[in-house]
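K.L.:
Got a predicted structure here, sequence first:
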Amino acid sequence: MVVSGFGRSPPLMIAGGRVFVFPCIQQIQRITLNTLTLNVKSDKVYTRHGVPISVTGIAQVKIQGQNKEMLATACQMFMGKSEAEIAQIALETLEGHQRAIIAHLTVEEIYQDRKKFSEHVFKVASSDLVNMGIGVVSYTLKDVHDDQDYLNSLGKARTAQVQKDARIGEAQYKRDAVIREAQAMQEKVSAQYKNEIEMAKSQRDYELKKAAYDAEVNTKKAESEMAYQLQVAKTKQRIEEETMQVQVVERSQQILLQEQEISRKEKELEAKVKKPAEAEKYRLEKLAEAQRLQLIMEAEAEAESIRMKGEAEAFALEAKGRAEAEQMAKKAEAFKQYKEGAMVDMLLEKLPLMAEEISQPLSAAHKITMVSSGGSEVGAAKLAGEVLDIMTRLPAAVEKLTGVDISQAAGNPIRVH
């Protein structure tokens, strides 16, 4: 029921209930919510391969009252229409989808897989009818037939195929029977061969065990013989070892006698040679010790003598130094009186000593080789000339050091620079 009018905006929709309506100012309308059974029939529809067939399906549809949106859509679409009109609209929609799906399939696909065809129609039609507020409850393919005897031919072909498969199956059964018979025979022969092999294995195991037992018996016999021979060899070896021990004892006695003889000779050698040698060594050591003490005492005496001599020389040098100091003091006093004349006198007194010192290196030479260019003297005169030449340079050196010209000191007044 749908109530509209005063105070009902939007209209009130009630599925299977009751409502109070004000006359004149409100209006009530009804729409069926019953399930509609539709006989969807499509005659002579061409399939994908161009074969015309007729298909009949049974569909159950109804307006969904529980879904508010679908109910509102259905009210907008079918309000004021009768149940037959609603059924006709749904039928035409289903038939259109059924014809479209048949056109995309082959006869074999429709005939052999009816469930798939029904599901396909149900799915496509549901998506379209939902937009009208109608839900497809179910769809079932009821009948498929044609006027060209196409389906009958498919049945004959299928029958022939079944018969063919039956003949092939019978032949395969006979073949399998022959194969199984051959396999049975083969298994029989294999079992016979296995039995013979097992017998051969048993015979072989018997012979191997018998050979092993025989080998064990022979081994025991050989071990007994070898044990006897080994015992004989051990007895001989023990006799030889005892003989060797006797020889070792004899040899030990001989070695002991030799060691005693060596000890005796060593003692004799010690008495005749070592003892006198030790006595001589002791004597020489004592002599060496006495000589060492003598040398030490002589060195100490010499050191004392040197010390005393040094003290005497030091005393003499000290006296000489005092005398020379007094002399130098007197000379200094004279230098004060005579000044440059005293200095010149002292220099002249030292000239022979200076000449001696200059010629000293030449007198110490062992060998002198002189080379002349032909224009000067050679030999001892040359050496004397060299010494005199050095002496003639002394006045100039003295003049530079003291400012006194000693070459003019004898006859000329002294020039002080």
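P.N.:
Okay, I see it. Residues are numbered from 1 along each chain as shown.

K.L.:
From here on, just use CA atoms for contacts and neighbour counts.
P.N.:
Will do.

K.L.:
Tell me where the stretch 301-417 of the chain has helices.
P.N.:
340-363, 380-392, 394-402 (DSSP state H, counting those that start in this stretch).

K.L.:
per-residue confidence at Lys62?
P.N.:
What the model reports as pLDDT for Lys62 is 83.

K.L.:
okay, now it: neighbour count?
P.N.:
A count of neighbours around Lys62, defined by other C-alpha atoms under 10 Å, yields 20.

K.L.:
so what's it up against?
P.N.:
Residues in contact with Lys62, defined by C-alpha atoms under 8 Å, 6 or more residues apart in numbering, are Leu33, Asn34, Thr35, Leu36, Ile134, Gly135, Val136, Val137.

K.L.:
Quickly note the distance from the nearest residue to the fifth one once chain neighbours are set aside to Gln172.
P.N.:
I take that to be Ile134. Excluding its sequence neighbours, the residue lying closest to Ile134 (C-alpha to C-alpha, 6 or more residues apart in numbering) is Ile63, at 4.5 Å. Distance, Ile63 to Gln172, using C-alpha to C-alpha, to the nearest Å: 59 Å.

K.L.:
So which of those two has more stuff around it?
P.N.:
Neighbour totals were compared for Ile63 and Gln172, and Ile63 leads with 25 against 12 (other C-alpha under 10 Å).

K.L.:
That one contacts Glu69, correct?
P.N.:
No. Distance between Ile63 and Glu69: 11.2 Å, which falls outside the contact criterion (C-alpha atoms under 8 Å).

K.L.:
packing partners for whichever helix or strand Arg175 is part of?
P.N.:
Under the criterion of DSSP states H and E, Arg175 resides in helix 150-269. If contacts are counted by 3 or more C-alpha pairs under 8 Å, 6 or more residues apart in numbering; DSSP states H and E, helix 150-269 sits against no helix or strand.

K.L.:
quick one: low-confidence ranges for the stretch 101-250 of the chain?
P.N.:
The model of the stretch 101-250 of the chain has pLDDT under 70 over residues 151, 153-163, 166.

K.L.:
next one: stretch 184-193 to chain centre, how far?
P.N.:
For stretch 184-193, the separation from the chain centroid amounts to 63 Å (computed by C-alpha atoms, centre = their mean, to the nearest Å).

K.L.:
likewise stretch 114-130?
P.N.:
68 Å.

K.L.:
buried sites along that stretch?
P.N.:
Neighbour counts over stretch 114-130 (16 or more other C-alpha atoms under 10 Å) mark Arg114, Phe117, Ser118, His120, Val121, Phe122, Ala125, Ser126, Asp128, Leu129, Val130 as buried.

K.L.:
ok, of these, which one's closest to Lys201?
P.N.:
The nearest member of those to Lys201, counting by C-alpha to C-alpha, is Arg114 at 67.6 Å.

K.L.:
Distance of that closest one relative to Val248?
P.N.:
121 Å.

K.L.:
Glu92 now?
P.N.:
Per C-alpha to C-alpha, Glu92 is found 139 Å from Val248.

K.L.:
got it, and Ile134?
P.N.:
From Ile134 to Val248 the distance is 133 Å (C-alpha to C-alpha).

K.L.:
With neighbour numbers in mind, choose between those two.
P.N.:
For Ile134 and Val248, the more surrounded residue by other C-alpha under 10 Å is Ile134, and the numbers stand at 23 against 12.

K.L.:
tell me the contacts of that one?
P.N.:
By C-alpha under 8 Å, 6+ apart, Ile134 lies in contact with Val61, Lys62, Ile63, Gln64, Met70, Ala74.

K.L.:
Can you say which helix or strand has the last one in it?
P.N.:
Just to be clear, that refers to Ala74. helix 68-78.

K.L.:
Can I get that helix as PDB, trimmed to CA atoms?
P.N.:
Output of helix 68-78 as PDB, limited to C-alpha atoms (Å, rounded to 0.1, in the frame of the first residue of the first chain):
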ATOM      1  CA  LYS A  68      12.900   0.200   0.400                       C
ATOM      2  CA  GLU A  69      14.800   1.500  -2.600                       C
ATOM      3  CA  MET A  70      13.600  -1.300  -4.900                       C
ATOM      4  CA  LEU A  71      10.000  -0.900  -3.600                       C
ATOM      5  CA  ALA A  72      10.100   2.800  -4.200                       C
ATOM      6  CA  THR A  73      11.400   2.200  -7.800                       C
ATOM      7  CA  ALA A  74       8.700  -0.400  -8.400                       C
ATOM      8  CA  CYS A  75       6.000   2.000  -7.200                       C
ATOM      9  CA  GLN A  76       7.300   4.700  -9.500                       C
ATOM     10  CA  MET A  77       7.400   2.200 -12.400                       C
ATOM     11  CA  PHE A  78       4.200   0.200 -11.900                       C
END
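
K.L.:
buried residues in the next helix or strand after it?
P.N.:
Going down the chain from helix 68-78, the next helix or strand is helix 83-103, by DSSP H and E. Residues Ile86, Ala87, Ala90, Leu91, Leu94, Glu95, His97, Gln98, Arg99, Ile101, Ile102, Ala103 are the ones in helix 83-103 that count as buried (16+ other C-alpha under 10 Å).

K.L.:
which residues sit against helix 83-103?
P.N.:
Counting by C-alpha under 8 Å, 6+ apart, 31-32, 36, 38-42, 45-48, 61, 78, 110, 120-121, 124-125, 129 sit against helix 83-103.

K.L.:
I'd like the distance from it to the chain centre, please.
P.N.:
78 Å.

K.L.:
Identify the residues contacting the residue nearest to Ile134.
P.N.:
Under the criterion of C-alpha under 8 Å, 6+ apart, the neighbours of Ile63 are Thr32, Leu33, Asn34, Thr35, Met70, Leu71, Ala74, Gly133, Ile134, Gly135.

K.L.:
The fourth one - how many residues pack around it?
P.N.:
Going back to what we said before, that points to Thr35. If you count neighbours by other C-alpha under 10 Å, Thr35 ends up with 15.

K.L.:
Distance-wise, check it relative to Gly65.
P.N.:
Distance, Thr35 to Gly65, by C-alpha to C-alpha: 11 Å.

K.L.:
Same question for Tyr282.
P.N.:
Distance of Tyr282 to Gly65, given as C-alpha to C-alpha: 152 Å.

K.L.:
which of the two has more neighbours?
P.N.:
Counting neighbours by other C-alpha under 10 Å for Tyr282 and for Gly65 shows that Gly65 has the greater number, 20 against 12.

K.L.:
Which pLDDT value goes with Phe22?
P.N.:
On pLDDT, Phe22 comes in at 54.
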